[in-house]
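J.: I would like the atomic coordinates for the input below:
(2 chains)
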Amino acid sequence: MSLELRVANISNSYDGNRVLKDCSFSFHDRGIYVLTGPNGSGKSTFLRICALLEKPDKGEVGFLEDGIPLHENIQLQRRITLLLPKIGVFNTTVFKNVAYGLKIRGFRGSIIEDRVDKALDFVGLIHKKQQKALTLSSGETQRLGIARALVTEPEIFFLDEPTASIDHKNTEIVEDIILKMKKDRRSIVIMTTHDIAQAERLADRLLVMQDGKLSEKSFCLPG
Amino acid sequence: MDSIIEGFLKAFSLIYNLDRELLGIIILSLEVSGTALIISAIIGVPAGAVLGLKKFPGRGFIISLMNTFMGLPPVVVGLFVYLLLSRRGPLGFMGLLYTSSAMITAQTILALPIVISLCQSAIVSVKPIIRQAAVTLGATPYQAAITIIREARYGILSGIIAGLGRAMGEVGAILIVGGNIAGYTRVMTTTIALETDKGNFELALALGIILLIISLLINIVLHLIQRKGMITTER
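T.: A predicted model of the protein is given here:
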């Protein structure tokens, strides 16, 4: 049983400006899809629509399991997650931030403890477990966001510009985390970045958004 | 000047010896204001949450009304509650006039708009990104609302404590509806007013000092809560 995402002929406008023009794509292979393109090209809008955070003006977003379309409900929403550029830190500890997704799903006690520890270890924040989350640096905050999403074991994980507001050192750490996800192949990861070099470093499949139009770009994997 | 110093000395002696009358007045004051605050919080926090989270027709009007009621003159509230509870009033049959229940009602009416307004304001000042984060992590609309309320907890607590300050320091309304009956409805503020009128400054000063200390403690707690909640960011 694996979840796949199909978008068909999506168009969207803001204040009369067409941001997305007839975008279609099928995301079905586990691995990293990177959507790149200049700022303002419509990448984030596309991602928010795919993650069911916004409705498109036209077109369809469909999630399928073994080819069968799924209803858009809370059960489906809990199988996907979107990491926003500003992650929205809850004013509590790092541990409780990461535990949030599990608590609202009804998990309790040692299951939460184990899974949160694992997620924090994965992003290298286990030593900051009891620290107030709002006191983390920008880079650490971004890693917290990744841990908070990963702990829920999403089948499709959207990341919107995960390194846009962090320094070079933390960008490397976040890229390493994404490369670890790439190696694990546990889920479909769809991320946006305006940095072409980064896109080529991380992607299994590279998509380009140009003036609201989506296309796939073939590229040579480094090394 | 001598009488003031003498008054202070006698006041400290009353406080130091925990005078029975003084203690009774303090306990009754705390009971009345504490109960009024609990009722205000039970009604005010959910009402503030609904006003902060839900959009519905008339919401703006209710918010403006609550903001206006924050400055309600206590004597007007006292008069209103008096008319309600007086023998000829619609609730006269309950026989509540000149009881601590009437004082609690008056103080609740005074504190409630403060609790509602400050709760609503604390909730709307939670960054929209928090709701989005909750939703992207799989929260239902109800769970997202609870998350927002939890994020606003310091502001909500500040609102509740500000309500307590209003209730504790109030004199006009409870004087009208409580009647300032010794051992029954006599609280700190009404006693200060009465004893000052009588020229009996020792008890008035002792109660004034205690009221100031309570007020100071409330403000220290308020400041600590606000400091704790001040670490906010758009991350």
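J.: number of residues surrounding the residue of chain B found nearest chain A?
T.: Per Cβ to the nearest Cβ, B:A133 is where chain B lies closest to chain A, at 2.9 Å. For glycine as for every other residue, the C-beta is placed from the backbone atoms N, C-alpha and C. By the criterion of other Cβ atoms under 10 Å in any protein chain shown, B:A133 has 27 neighbours.
J.: what's the answer for the one 5 residues further on, then?
T.: Using other Cβ under 10 Å, B:G138 has 24 neighbouring residues.
J.: report how many residues lie close to the residue lying closest to it once chain neighbours are set aside.
T.: With sequence-adjacent residues excluded and distances taken as Cβ to Cβ, 6 or more residues apart in numbering or on different chains, B:G138 is closest to A:R78, at 3.9 Å. Residues contacting A:R78 under the criterion other Cβ under 10 Å number 18.
J.: can you tell me the element residue 207 falls in?
T.: You didn't say which chain, so I picked chain A. Secondary structure assignment for A:L207, by DSSP states H and E: strand A:205-210.
J.: actually chain B
T.: Per DSSP H and E: helix B:201-229 holds B:L207.
J.: pull out the buried positions in that helix.
T.: By neighbour count on 16 or more other Cβ atoms under 10 Å in any protein chain shown, the buried set for helix B:201-229 is B:201-208, B:210-211, B:214, B:218, B:222, B:225, B:229.
J.: what residues does the residue nearest to B:I214 when sequence neighbours are not counted make contact with?
T.: Spatial nearest neighbour of B:I214, excluding adjacent residues (Cβ to Cβ, 6+ apart): B:M168 at 6.2 Å. Listed by Cβ atoms under 8 Å, 6 or more residues apart in numbering or on different chains, the contact set of B:M168 reads B:S29, B:S33, B:M188, B:T189, B:L211, B:I214, B:S215, B:I218.
J.: next, count neighbours for A:E72.
T.: 13.
J.: surely it is within a helix?
T.: No. With DSSP: H, G, I helix; E, B strand; the rest coil as the criterion, A:E72 is coil rather than part of a helix.
J.: gap between it and A:L52?
T.: 6 Å (Cβ to Cβ, to the nearest Å).
J.: likewise A:D15?
T.: 23 Å.
J.: who touches the host helix or strand of A:L20?
T.: In the assignment (DSSP H and E), A:L20 maps to strand A:17-27. Strand A:17-27 is touched from outside by A:4-13, A:33, A:42, A:45-46, A:49, A:56, A:59, A:156, A:188, A:190, A:207, A:209, A:211-214, A:216, with contacts defined as Cβ under 8 Å, 6+ apart.
J.: what residues sit buried inside that strand?
T.: A:V19, A:L20, A:K21, A:C23, A:F25, A:F27.
J.: right, and the helix or strand after it?
T.: Per DSSP H and E, the helix or strand that comes after strand A:17-27 is strand A:31-36.
J.: I'd like to know which elements that following strand is packed against.
T.: helix A:43-50, helix A:168-184, strand A:188-193, helix A:196-202, strand A:205-210 (3 or more Cβ pairs under 8 Å, 6 or more residues apart in numbering or on different chains; DSSP states H and E).
J.: counting contacts, what elements does the third one pack onto?
T.: Taking 3+ Cβ pairs under 8 Å, 6+ apart as the contact definition, the neighbouring helices and strands of strand A:188-193 are strand A:3-14, strand A:31-36, helix A:43-50, strand A:156-160, helix A:168-184, helix A:196-202.
J.: get me the contact residues on chain A for chain B.
T.: A:51, A:53, A:74, A:77-78, A:81-84, A:86-91, A:100-101, A:104-105, A:132, A:134-136, A:138, A:141, A:148-149, A:152 (Cβ under 8 Å from any Cβ of the partner chain).
J.: repeat the analysis, applying 7 Å as the threshold.
T.: A:51, A:53, A:74, A:77-78, A:81-82, A:84, A:86-91, A:100-101, A:104-105, A:134, A:141, A:148, A:152 (Cβ under 7 Å from any Cβ of the partner chain).
J.: next, count neighbours for residue 16.
T.: All of this is about chain A. A:G16 sits with 5 neighbouring residues when counted by other Cβ under 10 Å.
J.: if you could check chain B rather than the one you did, that'd help
T.: When neighbours are defined as other Cβ under 10 Å, B:Y16 has 9 of them.
J.: which residue is the nearest non-sequential neighbour of the closest residue to chain B within chain A?
T.: Closest residue of chain A to chain B, Cβ to the nearest Cβ: A:G88 (2.9 Å). Nearest non-adjacent residue to A:G88, counting by Cβ to Cβ, 6+ apart: B:A133, 2.9 Å away.
J.: where's the one you found, which helix or strand?
T.: helix B:128-136.
J.: what's in contact with that helix?
T.: A:51, A:53, A:81-82, A:84, A:86-88, A:90, B:143-144, B:147-148, B:151, B:234 (Cβ atoms under 7 Å, 6 or more residues apart in numbering or on different chains).
J.: same deal with stretch A:120-133?
T.: A:89-90, A:92-95, A:97-98, A:117, A:136, A:140, A:143-144, A:146-147, A:150, A:173, A:177.
J.: which of these count as buried?
T.: Judged by 16+ other Cβ under 10 Å, buried ones among the contacts of stretch A:120-133: A:89-90, A:92-95, A:97-98, A:136, A:140, A:143-144, A:146-147, A:150, A:173, A:177.
J.: can you pull the buried residues of the lengthiest helix in chain B?
T.: In chain B, assigned by DSSP state H, the helix with the most residues is helix B:20-53. Within helix B:20-53, the residues that count as buried by 16+ other Cβ under 10 Å are B:22, B:25-26, B:28-29, B:32-33, B:35-37, B:39-41, B:44-45, B:47-53.
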